[in-house]
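Student: need the 3D shape of this:
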Amino acid sequence: MQILIRTLSVSFLILFISISFVEAGSFKVFPLRLDLDQKTKTTLFKISNTGEQAVTIQLESALWFQDDSGEDQYKPTADIVFFPKIVKVDKGEQRIIRIGYRGAPANRIEKSYRIFAQELPERSEKSGNLSFALRFSVPIFVHGKNAIAKPEIADAEMKNGSLSVRMKNSGGEHLIVKSVSVRGKTGDGLEIFSESAGGWYVLPNSVRDFLVSLPEEPCGRAKKLDFSVQISDKFYSNTIPVNTAECVMLDTMENKRFSFEQ
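Tutor: Below is the predicted model of the structure:
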């Protein structure tokens, strides 16, 4: 059985931000996503050293999918090929990595992968301590022919001080939820609070829950929640009644303490 690869807590998952690169303390990567298809099976991935010391970067790739609860999962793959797998980049220099796809055709269902660029820690000559190492994760999409995303709001409920909105993608192309916003209103439609949360990808034939924290006191006075999910330049909206019992976030510290002691 192949072991699932999970990103480390020090990882920085690079989303779909509309900037030209993401910069760490010592290196940056470009582009922020890689797109391949039946005709375009190779592309370029660039690593630039912006620090004062040479850096050594290790590259890994993984198949990317989402489980039944919408959590990102990764497992080893031979579909994505690249060389070299470990590269040293001197101060002020740039290295170009050619990325290739040798898996089966995507057909009508897009295939999703990620390439990880991990800075290998260098031991300090003076103190002997390891320096902080960064890790970037960039999506690779192998597009299927005529594949499109099909978003829909599958469910929405209040629980433990938050609004949970489940987005479903029944199409063959990934979708990007940019944000989820909610407005609490009184019975006569007066808005008394507004909150929002960032989004993430929903891969083909997957669901993902998005949580928006609700302010306890005004939530208890509201009668309904109007919420909307932004995907590209479109908004998907709905309304649910307020369950005042779920406006309060339960204290789980005792449960956490018990789990730590096991």
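Student: pLDDT below threshold where in the stretch 151-262 of the chain?
Tutor: Across the stretch 151-262 of the chain, residues meeting the criterion (pLDDT under 70) sit at 251-262.
Student: mind listing the helices for it?
Tutor: 216-221, 253-261 (DSSP state H, counting those that start in this stretch).
Student: spatially nearest residue to the most centrally placed residue in the chain (excluding sequence neighbours)?
Tutor: With distances taken as CA atoms, centre = their mean, the residue of the chain nearest its centroid is residue 200 (4.9 Å). Closest residue to residue 200 apart from its sequence neighbours, by CB to CB, 6 or more residues apart in numbering: residue 177 at 6.1 Å. Any C-beta I mention is one placed from the backbone N, CA and C, and that applies to glycine too.
Student: contacting residues around that neighbour?
Tutor: Contact analysis of residue 177 by CB atoms under 8 Å, 6 or more residues apart in numbering lists 167, 199-202, 208, 210, 229-231.
Student: one more time with 7 Å
Tutor: 167, 199-200, 202, 210, 229, 231 (CB atoms under 7 Å, 6 or more residues apart in numbering).
Student: with residue 198 instead?
Tutor: Contacts of residue 198 by CB under 7 Å, 6+ apart are residue 179.
Student: can you give me the offset of stretch 214-223 from its chain's centre?
Tutor: With CA atoms, centre = their mean, to the nearest Å as the basis, stretch 214-223 stands 29 Å off its chain's centre.
Student: show me what counts as buried in it.
Tutor: Residues of stretch 214-223 classed as buried: 214, 218-219, 222 (neighbour count, 16 or more other CB atoms under 10 Å).
Student: what sits up against that stretch?
Tutor: 161-163, 184-187, 192-193, 195, 241-242, 244, 247-248.
Student: then stretch 92-112?
Tutor: Counting by CB under 7 Å, 6+ apart, 34, 36, 38, 41-49, 59, 64-65, 79-82, 87, 89, 115, 139, 141-147, 172-174, 203-204 sit against stretch 92-112.
Student: residue 41: neighbour count?
Tutor: By the criterion of other CB atoms under 10 Å, residue 41 has 13 neighbours.
Student: state the pLDDT value of it.
Tutor: Residue 41 carries a pLDDT score of 95 in this model.
Student: any idea how far the nearest residue to it once chain neighbours are set aside is from residue 220?
Tutor: Of all residues not flanking residue 41 in the chain, residue 101 sits nearest, at 4.8 Å (CB to CB, 6+ apart). According to CB to CB, to the nearest Å, residue 101 and residue 220 sit 53 Å apart.
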